[in-house]
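In: Output the structure for:
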Amino acid sequence: MEKTDRRSAFKKLGMGVAALLGAGSVKAMGKAPAPKKEVVGEIVQDKKIPLFSGAVKHGNTLYVAGKGAHFEGDIKSHTDHVLKEIEKELVKNGSSMDKVLKVNVYLHDLEDYHGMNEVYRGRFGENPPVRTTVAVYGGVPGDSLVEIDCIAALD
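Out: From the prediction side, this is the model:
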C-alpha cells in the first residue's frame, strides 16, 4: 500500500469517527488548550510600568522570581533569609520546598560558595532540585550577598 493510500484511509477513518461521535467529541480528544499564565506574586513596577512578576503559575508549575537579602549580614544570614522567603512564596501558592525542581543561585562573591552551601543543604528535602550556582560579575543587585530563584511543581 502506498503512503498516499494509507493517508487517505486514515483520513476516512477519522471522518467516520467524527461522524459517529460528533465533531465536538473528536475535538475534545485532540490537543488540550495551553494553560494560561497567572501572575500570583507582587508585580514590581518601574516608573509605573510593570518590570517583572514575583511569581507566576503556568499549568502545574510555579516560577518564583529571585529573592535577595537587603540588610547587613554575612552569607549565612542572607542565605537563610532568602530561603525562608522562597519557602513563603511556595507555600502561599500551593507548593513546598520538597516540590522545587530547579534552583538558580547567584552569589556576590564565589568565596561565599561554601557558606551558602552550609545553610542551603537539606532545605529542599532528601531529593534536592537541580541547581546552577554562579558568581555574578559586578555583584547581586540591591547589595544582597545571594539571590535565589526557583521553579516548583504544584499539586
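
In: can we go C-alpha only for contacts and neighbour counts from here?
Out: Fine.

In: pLDDT weak spots in the protein?
Out: 1-30, 37, 46-47 (pLDDT under 70).

In: And the helices in it, which stretches?
Out: Taking DSSP state H as the criterion, the chain carries its helices at 3-21, 23-29, 75-92, 113-120.

In: mind giving me the domain split of the protein?
Out: Listed domain ranges for the chain are 1-32, 37-153 (source: automatic domain parsing).

In: Let's have those domains in CSV, adding mean neighbour count.
Out: Converted to CSV, the domains of the chain look like this (neighbours: other C-alpha atoms under 10 Å):
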stretch, mean neighbour count
domain 1-32, 11
domain 37-153, 17
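
In: Not counting its neighbours along the chain, what's nearest L101?
Out: P129 (4.7 Å; C-alpha to C-alpha, 6 or more residues apart in numbering).

In: do I86 as well
Out: I86's closest residue in space is K67 (C-alpha to C-alpha, 6+ apart), at 6.9 Å.

In: shouldn't the one you found be in contact with D80?
Out: No: K67 is beyond contact range of D80, at 11.3 Å (criterion: C-alpha atoms under 8 Å).

In: Run through the residues that contact V64.
Out: G54, A55, V56, I86, E89, L90, D149, C150, I151 (C-alpha atoms under 8 Å, 6 or more residues apart in numbering).

In: what about 6 Å?
Out: V64 makes contacts with A55, D149, C150, as judged by C-alpha atoms under 6 Å, 6 or more residues apart in numbering.

In: Now intersect those residues with the strands, please.
Out: With DSSP state E as the criterion, strands contain A55, D149, C150 from among the contacts of V64.

In: from these, which is closest to V105?
Out: For those, the closest approach to V105 (C-alpha to C-alpha) belongs to D149, at 6.9 Å.

In: and the closest one, what does it touch?
Out: V64, A65, G66, V103, N104.

In: Understood, closing this out.
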